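S.K.: Sequence plus predicted model, see below.
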Amino acid sequence: MQIGLVIYDHLDVISGGYLYDRKLVEFWRRQGHEVLILALPSRSYCWHLVDNFLPAWRRRLREAPVDVLVVDELSHPSVVLLVRGLSRQKKIPVVSLNHLLRSTEPKLPVLRYLYRAVERYFLNSVDAHVHNSQDTARQVLALSQQVLPAVVAYPGRDHWLSEIGPADIEVRAKASGGLKILYVGNVIERKGLHILLDALSRIPPQDWCLTVVGRLDLEPRYVARINAEVKAMPEGAQVNVIGEIPFAEMPKIFSAHQLFVMPSLYEPFGIVYVEAMGAGLPLIASSAGASAELVDHGRSGFIVAPEKPLELQSYVQRFVDDRALLVEFGQQALNDFQGFPRWDDSAQLITDFLSELTSESVSKGC
């Protein structure tokens, strides 16, 4: 099978969505499929809409020697006016690979209206969907109002090499000093770091310390806001913003902490939640998104409503006050981690789905 994949930038970008794409491509190539990466540089949304009218890009898509075209959904602005024609003229299925709907991101109302209109048109122009979670599937259906062939394939767990065990979790949880809290995510508004800082500002600073890992160059205004909020924290508060670090160092970072918190305004899946579970960390996750598919509320962590710093504070305080709860929840998180699929299992599920689509397309063409 010859598979085309439309993305922005390149596969080595550090994010959960790009990790998903990268693992798919690695699997396809190991299985002998030919993969053509159709990449464009990441620019503004409006400039990507202009891509639809660029002769070189249109020709590149039209002449691509592929049996199926997979579009990473966040790349939809560059193909929104082209996919219907590609499906009909080339007689190949066009599949949207859905990690996150752009219209779920916090934006000005006029921008959200634009995003929703363009995104709805794109979702109604493709032939099928691959979703990273049940919640993403619900979001796509709610926006498109159209039922298409689809498959849900969760991200895998076996890129994570932490070797922590139950005894390690207990020793770590009972270590002296303030509760060591970890946030891992790009420092953008949607990830909710400001909510975590608000919650922690209400807890005595000697009871906790926070490490923030993630890119600092994506939303400069938001990063400036976070820096100002960190400076305004109560005297003695320990917030260590270390920025982006190599992935190979991440297991060590996770293992050095006792609690993982990321109270996103919306999280379509959250591979980092799975990684935290693989490190035996209890989690506090946002209820907006797929966290209920990952976190067993009251057993491996807590699920908090978005933008509720008081509720978040209460859950953090429970772990501050009860180290035995850290042990219990951490061990449950590690057990639950083993239940997630491996990347090859998810990739095989998607590949079988694409093969079926291409077979149906050939039959209709004949």
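M.R.: Thanks, I have it.

S.K.: residue contacts, the closest residue to residue 197 other than its chain neighbours?
M.R.: Distances taken as C-beta to C-beta, 6 or more residues apart in numbering put residue 229 closest to residue 197, at 5.0 Å, once the chain neighbours are dropped. All C-beta atoms are positioned from the backbone trio N, CA, C, and that covers glycine. Neighbouring residues of residue 229 by C-beta atoms under 8 Å, 6 or more residues apart in numbering: 194, 197-198.

S.K.: Name the member of these with the most neighbours.
M.R.: residue 197 (21 neighbours; other C-beta atoms under 10 Å).

S.K.: Doesn't that one lie inside a strand?
M.R.: No. The assignment for residue 197, made by DSSP: H, G, I helix; E, B strand; the rest coil, is helix rather than a strand.

S.K.: separation between it and residue 122?
M.R.: For residue 197, the distance to residue 122 equals 36 Å [C-beta to C-beta, to the nearest Å].

S.K.: tell me which element residue 130 is part of?
M.R.: strand 128-131 (DSSP states H and E).

S.K.: List the pairing partners of that strand within its sheet, with orientation.
M.R.: With DSSP bridges as the test, strand 128-131 is paired with strand 94-98 (parallel), strand 150-152 (parallel).

S.K.: Beyond the first one, next helix or strand please.
M.R.: Sequence-wise, the next helix or strand beyond strand 94-98 is helix 109-123, with elements assigned using DSSP H and E.

S.K.: Specify the residue ranges that define each domain of this protein.
M.R.: What automatic domain parsing lists as the domains of the chain is 2-155+342-365, 166-337.

S.K.: okay, those in JSON lines with mean pLDDT next?
M.R.: Converted to JSON lines, these look like this (pLDDT from 0 to 100):
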{"stretch": "domain 2-155+342-365", "mean pLDDT": "92"}
{"stretch": "domain 166-337", "mean pLDDT": "94"}
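
S.K.: Start and end of stretch 51-71, how far apart?
M.R.: As for stretch 51-71, its first-to-last residue distance stands at 14 Å under the measure C-alpha to C-alpha, to the nearest Å.

S.K.: got it, and stretch 60-77?
M.R.: One end of stretch 60-77 to the other measures 16 Å (C-alpha to C-alpha).

S.K.: in that stretch, what counts as buried?
M.R.: For stretch 60-77, a neighbour-count test (16 or more other C-beta atoms under 10 Å) marks 61, 64, 66-77 as buried.
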